[in-house]
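1. Sequence and computational prediction follow.
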Amino acid sequence: MDGEPGWKRAGYYTESTAEYIQRENIVLIDLRDPEVIAKTGYIPKAVNIPMKDLEKAEGKFPSYTKAPIVVYSDKKEDLEKAVKIIKKFGYPNVTVYSGGLKDWIAKGLEVKKGPIPTEITYVRTYRPFEVSPADFERALKDRHAIILDVRTPEEFKKGHFPGAINIPVDDIPKKAHILPKDKPIYVHCVTGVRAEMGYHALRDLGFTNVKVLMANVEFEDGKYSITE
Amino acid sequence: MEGLIKFRSLKVLLLFLILIVFQSSIVLSSTQEHKIKGQVTAVAVTIKTITVDHAGKRINIKYDDKTVFEKIDPAKIREIQGQEVEVTYVVVDGINLAKSIRLAIAELPPGVKEISTKELAKLINEAPGTYVLIDSRPAPRYHASFIPTAISIPIKIMEEEGEKTLQNIPKDKLIIFYCGGPT
């Protein structure tokens, strides 16, 4: 009855399919030793972090902690260990491809030969209603969009983006009419949760050019930081 | 002939009258209770608001001290994220206010037993081949993350194609279904 979420909560790993690995924007990690990979080849887009080095490799992981990560190996016991270590690093969306290279070949899929990359390069894909931190920060300078802060007035007082308009989520139905309609609106809060609620509220009121900053926003000593 | 036309226009007039009465009743009844069922897509404790996906539309609903919670611990409200709930709410000043929030838990049909996560893990590790594990979530969610050894038969496809989807499954084996939670 607890389903897949209960399974993960209990500390067991889940698996991903070959189709998912091929199609999605993920981090794929080959846990085998480089000497083995040199002989067999590897799954395209895989990065090599040998099992013995994994515990010291936290710095190699992407800044975006919700990035989907898939690991594969030729040793089943390594998969379980790797998932635990990567979860401890703070990445909850880690799964395994238990069939590994053997299953990949059996499915007739492409195998890459030659040197395997050892650095993770992950560029997050944004959903259509999300604004990237880069675009958001650009808007702070060139004002191509309205910055809408949907936190409470108390939070706003402690620190906010220059030029931001403060309308708490609850007040949107009453106050959204003060927002200009000729510019895109970028909504933010502290994590993105309230910002997304604000997005839905604005959409209901007929605002079509709205995007959400899905990132952690902090203000301290007059400075801001945006992290994913 | 003339009588018929008169009768017709009378009918049209009556229809208009009904429409007007009906419409004004909608305006008047904005404080009426709405009842929806859907998945919770977001929980913001700071502003006591949840977002519910109701037939593809995301609705923000506030809760307060008067909201009645059923099968939900208000102190652990974050845990209802991703779960199916039934909500009754009223609209006050453009804000949706929850009267009640109930976790929608499926009742198992007679003869169907529940298996715990622990028991399932034991089965997967110690008795491979004795069971069939079926993931009934939509296919993309299966591909992204499935319980080891599971096969995918989305509930939608099972509903549309019926018994055909299960015909390759051996009848002498234990069949276990799972999805994304207790619904």
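-> Structure received.
2. Report how many residues lie close to the residue in chain A that chain B sits nearest to.
-> Closest residue of chain A to chain B, CB to the nearest CB: A:Pro173 (3.0 Å). The C-beta positions use only the backbone N, C-alpha and C, and glycine is treated the same way. Other residues within reach of A:Pro173, judged by other CB atoms under 10 Å in any protein chain shown, total 19.
3. got it, and A:Gly114?
-> A:Gly114, neighbours per other CB under 10 Å, totals 8.
4. Could you find the closest non-adjacent residue to the residue of chain A closest to chain B?
-> Among residues not flanking A:Pro173 along the chain, B:Gly94 sits closest, at 3.0 Å (CB to CB, 6 or more residues apart in numbering or on different chains).
5. Can you point out the helix or strand that includes the residue of chain A closest to chain B?
-> Here A:Pro173, judged by DSSP states H and E, is contained in helix A:172-175.
6. And for stretch A:71-78, what's in contact with it?
-> Here stretch A:71-78 makes contact (CB atoms under 8 Å, 6 or more residues apart in numbering or on different chains) with A:28-32, A:36, A:43, A:46, A:51, A:79, A:82-83, A:86, A:94-102.
7. which residue is nearest the middle of chain B?
-> Chain B has B:Gly38 as the residue nearest its centroid, 3.7 Å off, counting by CA atoms, centre = their mean.
8. Now do the contacts for that residue.
-> B:Val52, B:Asp53, B:His54, B:Ala55, B:Ile59, B:Glu84, B:Val85.
9. Return the residues of chain A in contact with chain B.
-> Residues of chain A found near chain B (CB under 8 Å from any CB of the partner chain) are A:1-8, A:10, A:12-17, A:19-20, A:24, A:68, A:93, A:95, A:98, A:152, A:168-170, A:173-174, A:193-194, A:196-197, A:200-201.
10. quick revisit: dig out what the residue nearest to the centre of chain B forms beta bridges with.
-> Assessed by DSSP bridges, B:Gly38 has beta-bridge partners B:Val85.
11. per-residue confidence at it?
-> pLDDT, B:Gly38: 92.
12. ditto for B:Gly180
-> In this model, B:Gly180 carries a pLDDT of 83.
13. Now it: which helix or strand?
-> Judged by DSSP H and E, B:Gly180 forms part of no helix or strand.
14. can you count the residues close to it?
-> For B:Gly180, using other CB under 10 Å, the count is 19.
15. Look up how far A:Pro180 lies from the residue nearest to A:Phe161 when sequence neighbours are not counted.
-> Spatial nearest neighbour of A:Phe161, chain neighbours left out: A:Ile147 (5.1 Å); criterion: CB to CB, 6+ apart. Note on A:Ile147: its distance to A:Pro180, by CB to CB, to the nearest Å, is 12 Å.
16. for B:Leu123, same thing?
-> Taking CB to CB, one finds B:Leu123 at 60 Å from A:Pro180.
17. Using CSV, list the CA coordinates for the helix-or-strand element of chain A with minimal mean pLDDT.
-> Least confident helix or strand, chain A: helix A:3-9 with a mean of 89, by mean pLDDT, DSSP states H and E. In CSV, the C-alpha atoms belonging to helix A:3-9 read as follows (Å, rounded to 0.1, in the frame of the first residue of the first chain):
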residue,chain,number,x,y,z
GLY,A,3,3.8,2.0,-3.2
GLU,A,4,7.0,3.2,-4.8
PRO,A,5,7.4,6.2,-2.4
GLY,A,6,7.2,3.9,0.6
TRP,A,7,9.8,1.5,-0.9
LYS,A,8,12.2,4.4,-1.3
ARG,A,9,11.5,5.8,2.2
